[in-house]
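J.: Generate a structure from the sequence data that follows.
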Amino acid sequence: MPRATRSEETTIISQNARGEITVNKSAQTDVRNAVISFLDMSSTATGRQTFYNSKEDQLAAVAGIHEGVFMANRGLYAAMLTLPGLTDFNVQHGIMRLLQDLNGVETSLLSPESEWAAIDYVSHNLPPQRLFKMFKTLRANKVNNKRVVKLILRSILAHKNLEFWSVKYRNLLKQSLQHAWGVSASTKLRATLQKNRKNIEDKRWINKRILKYTHGSTVSERTIQECVLFILGSEHCWTSAGWNSPLINGFFDARQSLQMGKDLPPEVLEGIRSIYHPHISHAEVLELTKNRGMTEGQKAAKQRSAQKQGVKMEFNPNALDLVKLYIYALEMGGSQEILQAAQDKAKRAAAVMPVTYNKIGIVLDASMSMFGSKDQKRRPMAIGLAMRDVLAASALDDCFVSVAGGKPARHGLVHPEGDTSLSESLLETLKQEPDVVYMITDGYENAPDGRLNEVVTQLRRIGIDTPIYQVTPVMAAEAVKNQGAIRRISKDISPLPVSQPEAIGISFIRAAIDADLENGIKGLLNITLPQLEG
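T.: Below is the predicted model of the structure:
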């Protein structure tokens, strides 16, 4: 999208005192396409290789889409980052875009304070490894302005899991803090914290560099200072009694006795074992940490490793989200317990669906392309199964499901296999006379390509006007040039891009934007801004 300059005195998007949105007439088509492409991409793109697109193609397409919305209005861009269901990859990209570029502040739909609230809000909801990866990228790009420093220090020092993070992500945290403080100041801070007795100047230094950013933290000031000292590389605390933190104590004590590190994250204890206890097997680490040091998600992820080591490791399937639950089931096999957990989660997600129908038809694409790529094995199929369950649970009366391709398995599983032939499944579904049909597919039809579009066109010609939606879990980089970010299987089918059940609402925002750009943007702001005021 062409960027308006000051000399042109052109504001692409503006808002008056009554909250009404106006989009410059000459830019309406570009803005609509930019926003729709962002909504398509935001809940599907992960920045990784897909079955049909390389990682490089995906990254290039994502960068262009982000740029389009940012140039339209940075406030709208910031607000869209707070929508539920955005992939972590898109949130990271958006935060860094806002932090690195202050252009467009004068014409932004958000005040600087509201924009910061948006950055703080979405950063807080990122998984720690994603957050620290973002900080690492900012460091590599030498971005170190006041907002970056504030974000890094607030995100780390005021976090309720600082003690756990200090042990698990020690090196990443050290890099982040050194970027915020500078290497020289970090070295001075470590020396100051190591002092057993601190003078007034020492305390001022600590307050300015650490405690200033810990407002609202549930962690004690002593523990925060200990964690910083440990992160910065100290092997000794400032008291003769040693570390007050049980986890940090466990980190050092495990060097003498592996049993003393049972509360440590498994990967940390495994590192200690490999250096200080090479005669002890990896199986003992799994056995020690499975009940204390592991989350339920880690237990699920380590099932195959545990089986190889002969370690019995149970996990609670209710602790995983619906997509992760199906990724696990597709890899390791389902069970009645997992099936029940999936159904319960689907019912809860369906309860907040913005639109419901009495009788629903579902076509589930289970062709080989739904397997995903080496970087995202089984993820598209897992999303498909999750959405199948949620949409089926949203039916007020009845639901009919037709599977195109695939290999059915027990407990509701379908393994991707074969070509994509959707037209027969659609016709079979329409015979059931549903009120709506949801087609869950990545959009790549090959048996043959284009057949579904031909069938839908003929159906409309003979008066069959049942609403049909395309629910798509995968971004298609090549679709961006056609004003979207998913591959559409028919021009007569409305797209609903989604990577997790919680993101289905984005698709309905998309429909509102497409129907009425200015009122759609106003509605989007009405949804997103209240959560920044809390």
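J.: Strands along the stretch 201-350 of the chain, start to end?
T.: Using DSSP state E, counting those that start in this stretch, no strands are found in the stretch 201-350 of the chain.
J.: Who are the packing partners of the lengthiest helix in the chain?
T.: As assigned by DSSP state H, the longest helix anywhere in the chain is helix 55-72. In terms of contacts (3 or more CB pairs under 8 Å, 6 or more residues apart in numbering; DSSP states H and E), helix 55-72 is packed against helix 28-42, helix 74-80, helix 88-100. All C-beta spots, glycine's among them, are computed from the backbone N, C-alpha and C.
J.: How far off centre is the longest one?
T.: Averaged C-alpha coordinates place helix 28-42 at 20 Å from its chain's average position (CA atoms, centre = their mean, to the nearest Å).
J.: Same question for the second one.
T.: Between the centre of helix 74-80 and the centre of its chain there are 18 Å (CA atoms, centre = their mean).
J.: could the helices and strands packed on helix 55-72 go into JSON lines alongside distance to Y328 and mean pLDDT?
T.: JSON lines is the format used below for those (distance: least, CB to CB, whole Å; pLDDT from 0 to 100):
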{"stretch": "helix 28-42", "distance to Y328": "25", "mean pLDDT": "89"}
{"stretch": "helix 74-80", "distance to Y328": "31", "mean pLDDT": "95"}
{"stretch": "helix 88-100", "distance to Y328": "19", "mean pLDDT": "93"}
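J.: ok, back up a step: and the longest helix of the chain, how far from the chain's centre?
T.: Offset of helix 55-72 from its chain centre (CA atoms, centre = their mean): 17 Å.
J.: Using JSON lines, please lay out the helices and strands packed on helix 55-72 together with distance to R292 and mean neighbour count.
T.: Below are the helices and strands packed on helix 55-72 laid out as JSON lines (distance: least, CB to CB, whole Å; neighbours: other CB atoms under 10 Å):
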{"stretch": "helix 28-42", "distance to R292": "37", "mean neighbour count": "23"}
{"stretch": "helix 74-80", "distance to R292": "40", "mean neighbour count": "25"}
{"stretch": "helix 88-100", "distance to R292": "27", "mean neighbour count": "20"}
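J.: Mind putting those into CSV with distance to Q259?
T.: Listed next are the helices and strands packed on helix 55-72 as CSV, based on distance: least, CB to CB, whole Å:
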stretch, distance to Q259
helix 28-42, 47
helix 74-80, 49
helix 88-100, 36
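J.: what is the orientation angle of the longest helix of the chain with helix 28-42?
T.: Angle of helix 55-72 versus helix 28-42, following axes from the mean of the first three to the mean of the last three CA atoms, to 10 degrees, is 140 degrees.
J.: heads up, I number from 250, so please use that
T.: Right, with 250 as the first residue, what we last looked at is helix 304-321.
J.: Export helix 304-321 to CSV, keeping only CA atoms.
T.: Extracted in CSV, the C-alpha atoms of helix 304-321 (Å, rounded to 0.1, in the frame of the first residue of the first chain):
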residue,chain,number,x,y,z
LYS,A,304,9.4,-21.1,4.9
GLU,A,305,10.9,-18.3,2.8
ASP,A,306,7.6,-17.9,0.8
GLN,A,307,5.6,-17.8,4.0
LEU,A,308,7.9,-15.2,5.7
ALA,A,309,7.8,-13.0,2.6
ALA,A,310,4.0,-13.1,2.4
VAL,A,311,3.6,-12.4,6.1
ALA,A,312,5.9,-9.4,6.0
GLY,A,313,4.0,-7.9,3.2
ILE,A,314,0.6,-8.3,4.9
HIS,A,315,1.8,-6.8,8.1
GLU,A,316,3.3,-3.9,6.3
GLY,A,317,0.0,-3.2,4.5
VAL,A,318,-2.0,-2.8,7.7
PHE,A,319,0.7,-0.9,9.5
MET,A,320,0.9,1.6,6.7
ALA,A,321,-2.9,2.0,6.7
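J.: tell me how far the ends of stretch 453-463 are from each other?
T.: In stretch 453-463, first residue to last residue: 15 Å (CA to CA, to the nearest Å).
J.: Show the low-confidence segments of the stretch 450-599 of the chain, by residue range.
T.: Along the stretch 450-599 of the chain, the parts satisfying pLDDT under 70 run over 542.
J.: Sketch out the helices for it, chain order is fine.
T.: Remark: helices assigned in the stretch 450-599 of the chain by DSSP state H, counting those that start in this stretch are 470-480, 495-502, 515-525, 531-538, 545-550, 552-558, 571-581, 585-599.
J.: can you pull the buried residues of the fourth one?
T.: For helix 531-538, the buried set under the neighbour-count rule, 16 or more other CB atoms under 10 Å, comprises E533, V534, L535, E536, L537, T538.
J.: from those, which is closest to S292?
T.: T538 (34.0 Å; CB to CB).
J.: pretty sure that closest one is touching K511, no?
T.: Yes: T538 lies in contact with K511 (CB atoms under 8 Å); the separation is 6.4 Å.
J.: what's the overlap in contacts for those two?
T.: Counting by CB atoms under 8 Å, 6 or more residues apart in numbering, the contacts common to T538 and K511 are L518.
J.: Next up, the contacts around D668.
T.: S616, M617, G654, N695, A696.
J.: and the third one, how many residues sit next to it?
T.: Using other CB atoms under 10 Å, G654 is surrounded by 21 other residues.
J.: Report pLDDT for it.
T.: For G654, the pLDDT comes out at 89.
J.: distance of it from T669?
T.: 6 Å (CB to CB, to the nearest Å).
J.: overlap in contacts of these two?
T.: With CB under 8 Å, 6+ apart as the test, G654 and T669 both reach D614, S616.
J.: just how off-centre is stretch 449-468 within its chain?
T.: That offset, for stretch 449-468, works out to 32 Å (CA atoms, centre = their mean).
J.: what sits up against that stretch?
T.: Contact partners of stretch 449-468, identified using CB under 8 Å, 6+ apart, comprise 399, 402-403, 406-409, 411-412, 430, 434, 437-438, 441-442, 444, 447, 470, 473-474, 476-477.
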